[in-house]
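**Student:** Following is a predicted model, sequence given first.
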Amino acid sequence: MAKEYIDITTLKFLLYRVHGVEELLSEERYQDYDKDSLDLFLNAIKEFSDRELFPYFKEMDETPAEFSDGTILVHRQVDVMMKKGGEMGIISAPFDYGEGGMQLPFMVHTASAYIQEAANNHLPGYAGLTQGAAELIVHFANEDLKKTYVPKMLSGDWGGTMCLTEPQAGSSLSDITTRATPTQEGHYKITGQKIFISGGDHEYAENIVHLLLARIDGAPSGTKGISLFVVPKLRVDVDGSLQKNDVITVADFQKMGQKGYATTHLGFGDNDDCHGWLVGKVHKGLKYMFLMMNSARISVGRGGAAISMAAYQASLEYANERPQGRKLSSDGKKDPDENPCLIIEHPDVRRMLLLQKAIAEGSLSLVLLAAKYYDIIQSTKSPETKEKYGLLLEMVIPIVKTYPTEAGSVAVSNGLQVLGGYGFCSDFILQQYYRDIRIFSIYEGTTGIQSQDLLGRKVPMENGKALELLLTEVLNTITSAMEYDELRSSAKILGDKIKLTREVLEFLMPFAKKGNYERYLSDANLFMEFLSHVVIAWLWLDIAVCAKRNLMDGDQTYSQAFYESKIHTMKFYFKYELPKTTSLAESLMHADVLTTNTKKEVF
């Protein structure tokens, strides 16, 4: 295990300086907070993570969650995560005061969860899903359901899940078959099965509240006929006592990574006695679920960013301690009599470390940006502002979910290679990060689904208004960067990439206008990668502008070396990563269509 798992200085620099969380504190919703109180909260989270999360990270991988005698057995730290998390407000942080929450900015909650996930990505999901399930109840359920379930969930006494996926349907929610039959008593009888339910069962929650998608008898086919239900593991009687609700754990899934995070197969109504309560209106379940999906997808991207950072910290520590080989002298030769140098002296190792740094910190900046948009939408009273940032959030959500998880896997892979053969051995932690991060590009909609959402829905949204708003934000940063000689060339390069983006879309859009959507979306994953590189380059240029401005102003909040390292990493990204957009654009605008099914035998 490494000595450290996070760069807290960079986190606070991005939170306070680059993304300006303190600007939110002028809004009525957040007026009870100042920088000192936010720091106090984040420092408490870091201390909690140091003590209760990070020391158990490797142990949880070695003692996975497992199915035994009808229940899931998990590591004892799950109990600490839920109970202490409830006490500290980890679950309730973003909720309104009236719901028992802390009414913290979502940016700060996101930063706190990031710290926890970097420390131990197996544990925060238990609290995070409970928060998400409670959020659905608060927003859409009636008062009785809120009073019955939310307080116990926010305290961490009860867990919560999202039950969407079914064995026969996978990500195709229009094909779910779980049934809900109305009764005269006001509840519905639920029958069906759900798979891949994270945190679906464990012995440290007295009750687990499932937010479940099902079809009411006679409902329309497809996604229009899906409703949302509260289905607890244990029913709550009028007197507050609990009784079984015909929800059983069928099995668990043994996984290549995140082994301490239980993933279950659940059965509902095998004995025709599973009660569920409708949330909101009939046939609106998918709409409700997807209104909460933005925060869920930010959470997944945040997890990818956190693992990337933890892996980078471990790789950096190793590179600063491991002597091997010798530097080349001015004549291109090595002196065998010299002592071996640390591997961080080798250019190729430095390249891999800089790639990790660029991806990890760029991903964190992207996640905080999305959280900032979310906060503005929640707190503003201006309809125009709400609309603008609503469109910006919709535009970046697929990228937030995808880039930190896909590029994060590449970053961790490079980190593993920094360690050489040791990186492949279980004595060192990189192999665990490599296994753990792989699931994040699958959570909450695979990369293919996110890519189709980006190109198919978000780019054309309101006749391209969302995209234009995003590109305007990029152009504003380019204008700011042009004020500094050191940043001017990078600003011009990014400006050229904006032109290339328009060129790619001018090629693709006619296919959609002609109704040839399969052709239009056949390379959506390439467009996702293309636009992600542009967006991350924008965020790095924005970081560099902030760092350069502080250097020029003589700001000493952070060291000169710290500011210069940000500018250096931006230049690295522009040299090694951003140029990949050129080849991606060439593929996107290529005349050949090779992945659509034309009945030609190719496999």
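**Tutor:** Noted; the coordinates are in hand.

**Student:** ok, now which ones touch the closest residue to residue 97 other than its chain neighbours?
**Tutor:** Counting by C-beta to C-beta, 6 or more residues apart in numbering, residue 103 is the residue found nearest to residue 97 once chain neighbours are left out, at 5.3 Å. All C-beta spots, glycine's among them, are computed from the backbone N, C-alpha and C. Residue 103 makes contact with 29-30, 32, 94-97 under the criterion C-beta atoms under 8 Å, 6 or more residues apart in numbering.

**Student:** From residue 329, how far off is residue 336?
**Tutor:** Summarising the geometry, the distance separating residue 336 from residue 329, computed by C-beta to C-beta, to the nearest Å, is 12 Å.

**Student:** try residue 362
**Tutor:** 35 Å.

**Student:** ok, those two, which is more surrounded?
**Tutor:** residue 362 (29 against 10; other C-beta atoms under 10 Å).

**Student:** and the residue nearest to residue 97, helix, strand or coil?
**Tutor:** Of the three states, residue 103 takes coil under DSSP: H, G, I helix; E, B strand; the rest coil.

**Student:** Residue 192 too?
**Tutor:** strand.

**Student:** Which helix or strand in this structure has the lowest average pLDDT?
**Tutor:** Taking mean pLDDT, DSSP states H and E as the measure, helix 285-291 is the helix or strand of the chain with the lowest mean score, a mean of 87.

**Student:** Just the helices from the stretch 1-150 of the chain, written as ranges.
**Tutor:** 8-12, 35-48, 57-62, 77-88, 106-119, 124-140, 143-154 (DSSP state H, counting those that start in this stretch).

**Student:** returning to what we had before: next one: the least confident helix or strand of the chain to chain centre, how far?
**Tutor:** Relative to its parent chain, helix 285-291 has a centroid offset of 18 Å by C-alpha atoms, centre = their mean, to the nearest Å.

**Student:** Please work out the angle formed by the directions of the helix or strand following that helix and helix 106-119.
**Tutor:** Next along the chain after helix 285-291, taking DSSP states H and E as the criterion, comes helix 293-319. Compare the direction of helix 293-319 with that of helix 106-119 by axes from the mean of the first three to the mean of the last three C-alpha atoms, to 10 degrees and you get 40 degrees.

**Student:** I'd like to know which elements helix 293-319 is packed against.
**Tutor:** Helix 293-319 sits against helix 106-119, helix 124-140, helix 347-379, helix 383-418, helix 430-437, with contacts defined as 3 or more C-beta pairs under 8 Å, 6 or more residues apart in numbering; DSSP states H and E.

**Student:** for the first one, what is the average pLDDT?
**Tutor:** Helix 106-119 carries an average pLDDT of 98.

**Student:** pLDDT below threshold where in the stretch 251-400 of the chain?
**Tutor:** Along the stretch 251-400 of the chain, the model assigns pLDDT under 70 to residues 330-333.

**Student:** Tell me the predicted confidence for the nearest residue to residue 154 once chain neighbours are set aside.
**Tutor:** Nearest residue to residue 154, sequence neighbours excluded (C-beta to C-beta, 6+ apart): residue 92, at 4.2 Å. Per-residue confidence (pLDDT) for residue 92: 95.

**Student:** count of neighbours near residue 92?
**Tutor:** 28.

**Student:** what's the answer for the one 10 residues further on, then?
**Tutor:** Neighbour count of residue 102, defined by other C-beta under 10 Å: 20.

**Student:** try residue 500
**Tutor:** Neighbourhood size, residue 500 [other C-beta under 10 Å]: 17.

**Student:** what are the ranges of the helices in the stretch 451-600 of the chain?
**Tutor:** Counting by DSSP H, counting those that start in this stretch, residue ranges of the helices within the stretch 451-600 of the chain are 461-481, 485-513, 517-521, 524-553, 560-576, 580-588.

**Student:** So for the shortest one, mean pLDDT?
**Tutor:** Meaning helix 517-521. Averaged across helix 517-521, the pLDDT comes to 95.

**Student:** How far off centre is that helix?
**Tutor:** Chain-centre distance of helix 517-521: 27 Å, with C-alpha atoms, centre = their mean.

**Student:** Give the buried residues for it.
**Tutor:** Buried residues in helix 517-521, defined by neighbour count with 16 or more other C-beta atoms under 10 Å: 520-521.

**Student:** Use 43 as the first number from now on
**Tutor:** In the new numbering, first residue 43, that becomes helix 559-563.

**Student:** Give me the contact list for that helix.
**Tutor:** 494, 497-498, 550-551, 553-554, 635, 638.

**Student:** returning to that earlier point: now intersect the contacts of residue 145 with the strands, please.
**Tutor:** For the contacts of residue 145, not one is inside strands, with DSSP state E as the criterion.

**Student:** Now that we have the residues you listed, which of them are buried?
**Tutor:** Buried members of those, counted by 16+ other C-beta under 10 Å: 71-72, 136-137.

**Student:** Just say which of the helices of the stretch 43-192 of the chain is most tucked in.
**Tutor:** helix 148-161 (a mean of 27; mean count of other C-beta atoms under 10 Å).

**Student:** Could you check how far the residue nearest to residue 139 is from residue 62?
**Tutor:** Computed with C-beta to C-beta, the distance linking residue 145 and residue 62 is 19 Å.

**Student:** go on, residue 337?
**Tutor:** 20 Å.

**Student:** cool, and residue 419?
**Tutor:** Separation of residue 419 from residue 62 (C-beta to C-beta): 16 Å.

**Student:** ok so, going back, sort out which residues of the least confident helix or strand of the chain are buried, please.
**Tutor:** Across helix 327-333, burial judged by 16+ other C-beta under 10 Å covers 327-328, 330-331.

**Student:** Next: stretch 206-224.
**Tutor:** Of all the residues in stretch 206-224, those buried under the rule 16+ other C-beta under 10 Å are 206-208, 215, 218, 220-223.

**Student:** Could I have the CA atoms of stretch 422-431 written out in CSV?
**Tutor:** Listed in CSV are the C-alpha atoms of stretch 422-431, where the atom choice follows Å, rounded to 0.1, in the frame of the first residue of the first chain:
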residue,chain,number,x,y,z
THR,A,422,-30.5,29.9,-9.0
LYS,A,423,-33.9,31.7,-9.1
SER,A,424,-33.2,32.9,-12.7
PRO,A,425,-35.1,30.9,-15.4
GLU,A,426,-32.5,31.9,-18.0
THR,A,427,-29.6,30.8,-15.8
LYS,A,428,-31.3,27.5,-14.9
GLU,A,429,-31.9,26.8,-18.6
LYS,A,430,-28.4,27.6,-19.6
TYR,A,431,-26.7,25.4,-17.0
